[in-house]
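>>> Below is the structure, and that's it, no one-letter string:
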């Protein structure tokens, strides 16, 4: 990513490391030499002040001052020579006092042919100079003057080649800086990835939430601020899913209420007419066989058993038809509440197939449903189960030829189409538009044979209308395909 958090974090760390190294290099180059000289100067002035105080007390050559004198020389790396007016040495920091004495004389008489001097400070008691020995290309700080007791003093300390030291220091700092940049880059990349990984995960979750996909949850156990944000997003996802489900249910109920008032009268008339027509035949059969039993038309036990079985069978068909009519009545009148929720359609279909396995085996039917991936939809799960059950039952009873049933998905942008195909005779074109009407039967003899009432597809149509989704049928050369559609997104 152009504006990746990892790149920004790594760039910031590298900038800080590189900036720190460059700042140290600049300070070394600009101020190190002056700072070094300043400290050497202070060491010499402090040493002169101590020695001058001892000379004022008259204890300059006492044994009690030996240790302190040595510390002044060692700590400041200073060569010191103190001589009297007659030239005798009172104190010296080196054994070769003659060489130091000659250097002292050169200073006093300013032998400019060998050295050049820059006066840094001058008072009534001493002169502090910065001298360069052109023969050895070495620099010194030299202090010479008169003590309080009238004795002469020479203090000399070498200024090491501070420019060379600064160059070496900067080169070493450069090596360390390169290593620091490399190590800092590696550490910053690892650290930024560790920080960016949960943020990218949250970004992906939020992207899916914008498409109303609430299936992915944030997993984290570090208990830091990012994990707290992830937990809050999980809670928000659950709340949104629940709220959307409630809103869809409320919106669906509102639409159904609006349609309900315009349909009630017509549905009531159709319902009474169809019920009276469908019940007339089984009631006539029950009445006829019951009268036969009463009048003892057949006295043998086998005939009476047959009459009783016909009466019970017709009564059971009437009972099943009445239950279906009640279900259909509730759907069409809007009395049956539709609960829209998100569930896995694949799992539901596999459960229905498992329940129908015995019937499939008895009819020697091969069923194909080659889908392992979950398919999440928004609908009333129990009503979708009734739709699929009706479709599968019709396919089982009408399967012919190779006796094959295929169930499949067709994925669209915002919905999925579920198809149930069975091999057999196609539906006549003049009947295709009527099969959703209550009590309509294409093949009345066959429908009667397996106990069909002609209400199943009417229930399917009513359920899909309650979802405000489509259903239909397609004739093929070798069979019939029934289909219906369900939302995969909440809007």
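The structure has been received and is ready for your questions. Note that the structure is predicted; figures quoted are calculated from it, not measured.
>>> In the chain, which helix is the longest?
Using DSSP state H, we find that the single longest helix of the chain is helix 225-294.
>>> helices or strands next to that one in the packing?
Applying 3 or more C-beta pairs under 8 Å, 6 or more residues apart in numbering; DSSP states H and E, we find helix 225-294 packed against helix 162-210, helix 301-333, strand 341-344, helix 456-467. (Each C-beta comes from the backbone N, C-alpha and C, glycine too.)
>>> roughly how far apart are residue 232 and residue 238?
Using C-beta to C-beta, to the nearest Å, residue 232 is found at 11 Å from residue 238.
>>> What of residue 83?
96 Å.
>>> and if you look at residue 86?
104 Å.
>>> same deal with residue 362?
Going from residue 362 to residue 238 by C-beta to C-beta gives 45 Å.
>>> Same check on residue 398?
Noted for residue 398: a distance of 44 Å to residue 238, by C-beta to C-beta.
>>> quick one: which of those two has more around it?
Higher neighbour count among residue 398 and residue 238: residue 398, with 19 against 12, using other C-beta atoms under 10 Å.
>>> dump the residue contacts of the more buried one.
Counting by C-beta atoms under 8 Å, 6 or more residues apart in numbering, residue 398 touches 422, 424-425, 446, 480.
>>> hmm, 7 Å instead?
Going by C-beta atoms under 7 Å, 6 or more residues apart in numbering, residue 398 touches 422, 424.
>>> Can you check my assumption that residue 66 lies in a strand?
No: counting by DSSP: H, G, I helix; E, B strand; the rest coil, residue 66 is not found in a strand; it is helix.
>>> List the residues that contact it.
By C-beta under 7 Å, 6+ apart, residue 66 has no neighbours at all.
>>> switch the cut-off to 10 Å
Residue 66 makes contact with residue 91 under the criterion C-beta atoms under 10 Å, 6 or more residues apart in numbering.
>>> how far away is it from residue 74?
Residue 66 sits 12 Å away from residue 74, going by C-beta to C-beta.
>>> returning to what we had before: so which of the helices and strands packed on helix 225-294 comes closest to residue 39?
Residue 39 lies closest to helix 162-210 among the helices and strands packed on helix 225-294, at 11.0 Å (C-beta to C-beta).
>>> And the helices in the stretch 1-150 of the chain?
Per DSSP state H, counting those that start in this stretch, the stretch 1-150 of the chain carries helices over the ranges 5-57, 66-76, 97-109.
>>> Return the helix or strand in the protein with minimum mean pLDDT.
helix 444-449 (a mean of 47; mean pLDDT, DSSP states H and E).
>>> how about residue 438, secondary structure?
Once three-state DSSP is applied, residue 438 turns out coil.
>>> Apart from its neighbours in sequence, what residue is nearest it?
Nearest residue to residue 438, sequence neighbours excluded (C-beta to C-beta, 6 or more residues apart in numbering): residue 458, at 4.3 Å.
>>> Can you list the buried residues in stretch 205-212?
By 16 or more other C-beta atoms under 10 Å, the buried positions in stretch 205-212 come out as 205, 209.
>>> Mind putting the helices of the stretch 1-150 of the chain into TSV with mean pLDDT and distance to residue 256?
Compiled in TSV, those are given as follows (pLDDT from 0 to 100; distance: least, C-beta to C-beta, whole Å):
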stretch	mean pLDDT	distance to residue 256
helix 5-57	82	49
helix 66-76	87	100
helix 97-109	68	114
